[in-house]
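S.K.: I'd like to go over a predicted model; first the sequence, then the structure.
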Amino acid sequence: MRRTKRQGARLGHAAVLTVAGALTIGLLAADAAGATSFSIDNAQRIEGDGSPPKKMRFQVTKAGAPREGTVRYRTLDGTAVASDDYTATNGKLTFSRDRRSRRVKVPLVGDTNYEDDETFVIELFRARNARLGDRRGEGTILNDDGCFAAAAMAAEADNAGDLTDYACPPGAGGDAQPTCASQGDHQWWSFTVPAGETATFTVPATGVRDLGLALFTANSSAGELVCRDSSGPAGAETATTTNSGVASLTVYVQVFALPGHEGPYTLRVESTDGCFDDAGTAVEGDNAGDLGVDSCVPSAGGDAVPSCQIGTGRHQWWSFTVPAAVTATFTVPATGVRDLGLALFTANSSAGELVCRDSSGPAGAETAMAANPGDSPVTVFVQVFAAIAGHEGAYTLNVSSTAPP
């Protein structure tokens with residue numbers, strides 16, 4: 001009887017174990033079929049300028065069986081860095097039985113500096129009453145800045161720039177694309193041209209990098225004034241603009257590179273109000289001039305451009321009063337090394353031009369005559385110019401007058 005009882009006990013215990021094992025397996029199977037899990041999606045948002053801060057929204061979803069649960073979250077740096085690019089964020093989300101999704105908001109740190117798109121991670125951890133599915137979501141901060149908003153103010157001097165430092169690719173953040181530009185990076189400068197003055201912007205040759213520049217009155221294709229990119233690494237690029245208005249004018253200069261030619265450069269800025277108002281008074285005989293001193297680039301400050309000048313050499317003005325019934329002769333003798341020309345005007349405008357001479361080259365003199373058939377003296381304005389940029393230097397303006405017999 002005792003043996004039977006012990007055996008019976010063993011049999012009963014085995015039976016209980018068998019039933020319990022089946023119950024456990026059944027519960028595990030049921031749990032696997034309706035498991036609850038938390039996952040987080042990826043997100044992206046433009047950076048903005050920080051006022052007010054943009055917020056990136058991530059969606060956390062609950063899948064599987066309807067049950068209550070909690071999950072914690074935290075941000076982790078990627079190429080984006082907390083405090084510099086976004087605000088570090090952490091916390092806990094609570095889901096009721098029937099709640100299927102919640103949102104996490106991460107504030108972004110905006111600015112107006114061009115940067116590449118950057119990423120950070122938001123991670124789920126410590127889930128309660130659920131497991132973790134896609135536990136990491138990637139947040140992408142989309143750059144919406146170009147370089148225009150950070151344009152440096154140029155001085156009337158040599159300005160140092162570097163297209164490997166805070167430069168932007170074409171069209172970044174809405175930056176205008178110059179009509180002659182290649183696809184290299186660019187930077188912006190601004191310069192205020194006073195009323196009546198002409199500004200000349202030059203990027204000197206580097207010898208190794210192919211650079212160009214364009215002038216704008218606004219950050220748009222419609223605002224482009226001029227674009228220069230033709231000289232290659234061995235030549236300088238120069239652009240000129242004249243403010244013929246009565247108020248100052250802000251000019252925006254975009255310096256750009258051929259792809260792969262980014263690097264240090266110089267932006268040289270010169271401003272002049274033209275030479276016409278400073279015209280020297282010529283006398284009969286030889287008058288000494290020097291185009292390397294106090295001279296102006298073509299059209300500077302509204303100065304008339306002689307019709308026969310095809311180069312970009314600098315110029316100076318002289319005035320001479322021709323008596324009634326007298327003919328005046330103006331001659332620039334040959335220098336032997338510089339190609340010079342001259343033009344006569346009755347006023348500082350193309351309509352006031354009387355004659356233009358530039359045909360003899362460095363070996364020949366240039367001569368022009370003006371006759372005054374009237375009864376009153378007439379002032380003639382003489383522009384002496386270098387036919388070719390780089391031919392500026394000392395010269396003589398000879399003036400003689402003859403009356404009819």
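M.R.: It's in.
S.K.: any idea how far Ile46 is from the closest residue to Val355 other than its chain neighbours?
M.R.: The shortest distance from Val355 to any non-neighbouring residue, by CB to CB, 6 or more residues apart in numbering, is to Ala368 (4.8 Å). For the C-beta atoms, the positions are set from N, CA and C on the backbone; glycine is no exception. For Ala368, the distance to Ile46 (CB to CB, to the nearest Å) stands at 63 Å.
S.K.: more neighbours, those two?
M.R.: When neighbours are counted by other CB atoms under 10 Å, Ala368 and Ile46 differ, and Ala368 comes out ahead with 19 against 16.
S.K.: Run a quick check on that one versus Val332, I expect a contact.
M.R.: No - assessed by CB atoms under 8 Å, Ala368 is found out of contact with Val332, at 9.0 Å.
S.K.: so what sits against both of the two?
M.R.: Jointly contacting Ala368 and Val332 under the rule CB atoms under 8 Å, 6 or more residues apart in numbering are Leu342.
S.K.: Any regions of the stretch 1-150 of the chain where pLDDT drops low?
M.R.: Applying pLDDT under 70 to the stretch 1-150 of the chain flags the ranges 1-34.
S.K.: Likewise for the stretch 251-400 of the chain?
M.R.: In the predicted model of the stretch 251-400 of the chain, no residue satisfies pLDDT under 70.
S.K.: how does it look with 80?
M.R.: 272-273, 300-301 (pLDDT under 80).
S.K.: where does Gln177 land on pLDDT?
M.R.: Looking at Gln177, its pLDDT stands at 95.
S.K.: Please enumerate the helices of the stretch 1-150 of the chain.
M.R.: For the stretch 1-150 of the chain, the helices defined by DSSP state H, counting those that start in this stretch occupy 2-33.
S.K.: Strands of the stretch 301-405 of the chain, residue ranges please.
M.R.: 315-322, 326-332, 340-345, 353-357, 366-372, 378-386, 394-402 (DSSP state E, counting those that start in this stretch).
S.K.: Just checking: what are the partner strands of the second one?
M.R.: Paired strands of strand 326-332, with direction, are strand 366-372 (antiparallel), strand 394-402 (antiparallel) (DSSP bridges).
S.K.: The closest residue to Thr238 other than its chain neighbours: helix or strand, and which one exactly?
M.R.: Spatial nearest neighbour of Thr238, excluding adjacent residues (CB to CB, 6+ apart): Thr202 at 4.5 Å. For Thr202, the enclosing helix or strand under DSSP states H and E is strand 198-203.
S.K.: name the helices or strands packed onto the longest strand along the chain?
M.R.: Assignment by DSSP state E gives strand 118-128 as the longest strand of the chain. If contacts are counted by 3 or more CB pairs under 8 Å, 6 or more residues apart in numbering; DSSP states H and E, strand 118-128 sits against strand 37-40, strand 69-77, strand 101-107, strand 136-142.
S.K.: right, so of the ones you listed, which gets closest to Lys62?
M.R.: If you check each of the helices and strands packed on strand 118-128 against Lys62 by CB to CB, strand 37-40 wins as the nearest, at 5.8 Å.
S.K.: Figure out how far the closest one is from the centre of its chain.
M.R.: Here the centre of strand 37-40 is set off from its chain's centre by 44 Å, with CA atoms, centre = their mean, to the nearest Å.
S.K.: Stretch 139-150 too?
M.R.: 13 Å.
S.K.: same deal with stretch 278-295?
M.R.: With CA atoms, centre = their mean, you get 41 Å for stretch 278-295.
S.K.: pretty sure Gly336 is touching Gly361, no?
M.R.: No - the criterion here is CB under 8 Å, and Gly336 misses it with Gly361 at 10.1 Å.
S.K.: Looking at those two, which one has more neighbours?
M.R.: Neighbours around Gly336 and Gly361, counted as other CB under 10 Å, are more numerous at Gly361. The numbers are 14 against 8.
S.K.: That one: what's it in contact with?
M.R.: Applying CB under 8 Å, 6+ apart to Gly361 gives the contacts Asp339.
S.K.: From Gln316, how far off is it?
M.R.: Computed as CB to CB, the Gly361 to Gln316 distance reads 20 Å.
S.K.: now do Ala324
M.R.: Distance from Ala324 to Gln316, by CB to CB: 27 Å.
S.K.: same check, this time on Asp339
M.R.: Per CB to CB, Asp339 is found 16 Å from Gln316.
S.K.: Of these two, which one has the most company?
M.R.: Set Asp339 next to Gln316 and count neighbours by other CB under 10 Å: Gln316 wins out with 25 against 22.
S.K.: my read: that one touches Gly274, true?
M.R.: No - Gln316 lies out of contact with Gly274 (CB under 8 Å); the separation is 10.9 Å.
S.K.: Name the residues contacting each of those two.
M.R.: Contacts common to Gln316 and Gly274, judged by CB under 8 Å, 6+ apart, are Cys296.
S.K.: Grab the CA positions of stretch 51-71 and hand them over as PDB.
M.R.: The C-alpha atoms that make up stretch 51-71 are tabulated as PDB, following Å, rounded to 0.1, in the frame of the first residue of the first chain:
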ATOM      1  CA  SER A  51      14.200  82.000 -34.500                       C
ATOM      2  CA  PRO A  52      12.000  80.300 -33.500                       C
ATOM      3  CA  PRO A  53      13.800  76.900 -33.300                       C
ATOM      4  CA  LYS A  54      12.500  74.200 -35.600                       C
ATOM      5  CA  LYS A  55      11.500  70.800 -34.000                       C
ATOM      6  CA  MET A  56      12.100  67.400 -35.500                       C
ATOM      7  CA  ARG A  57       9.300  65.000 -34.800                       C
ATOM      8  CA  PHE A  58       9.800  61.200 -34.400                       C
ATOM      9  CA  GLN A  59       6.900  58.800 -34.200                       C
ATOM     10  CA  VAL A  60       7.100  55.900 -31.800                       C
ATOM     11  CA  THR A  61       4.500  53.200 -32.500                       C
ATOM     12  CA  LYS A  62       3.200  50.200 -30.500                       C
ATOM     13  CA  ALA A  63       2.500  47.100 -32.400                       C
ATOM     14  CA  GLY A  64       1.000  43.700 -31.300                       C
ATOM     15  CA  ALA A  65      -1.300  43.000 -28.400                       C
ATOM     16  CA  PRO A  66      -3.200  45.900 -26.800                       C
ATOM     17  CA  ARG A  67      -1.600  46.400 -23.400                       C
ATOM     18  CA  GLU A  68      -0.200  49.200 -21.300                       C
ATOM     19  CA  GLY A  69       3.500  49.800 -21.500                       C
ATOM     20  CA  THR A  70       6.300  52.300 -21.200                       C
ATOM     21  CA  VAL A  71       9.600  53.000 -23.000                       C
END
